[in-house]
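Enquirer: Predicted structure and sequence below. I'll ask about it afterward.
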Amino acid sequence: MKLEPAIFDDLDEASDVAAIVEARAEIAAGQFVSNEAVEAWLLSWGTPNKLPPPGAGD
């Protein structure tokens, strides 16, 4: 029986490089959510003071 190729078997280096360039540009422009903001949001789940989801720049 021949196995189907896994989704990670076919690497597209040009696509990977383009995604990294795009991500670095977004970070430089401040278009990201900080780990601290995500952690505070997650820790608020199940409490009476649940926070809204953080957005870019938080």
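Expert: Looks like it arrived, so ask away.
Enquirer: can you map out the helices along this protein?
Expert: In the chain, the helices defined using DSSP state H lie at 13-28, 35-44.
Enquirer: Could you tell me which other helices and strands the shortest one packs against?
Expert: In other words, helix 35-44. Judged by 3 or more CB pairs under 8 Å, 6 or more residues apart in numbering; DSSP states H and E, helix 35-44 has no packing partners among the helices and strands. Placement of C-beta: from N, CA and C, glycine included.
Enquirer: what sits against W45?
Expert: Shown in contact with W45 (CB atoms under 8 Å, 6 or more residues apart in numbering): no residues.
Enquirer: residues contacting F8?
Expert: Contacts of F8 by CB under 8 Å, 6+ apart: none found.
Enquirer: tell me the pLDDT at it?
Expert: If you check F8, the pLDDT there is 78.
Enquirer: do you know how far it is from G57?
Expert: According to CB to CB, to the nearest Å, F8 and G57 sit 32 Å apart.
Enquirer: winner for burial among the helices of the chain?
Expert: Burial of the helices of the chain is given as mean neighbour count (mean count of other CB atoms under 10 Å); helix 35-44 ranks first at a mean of 12.
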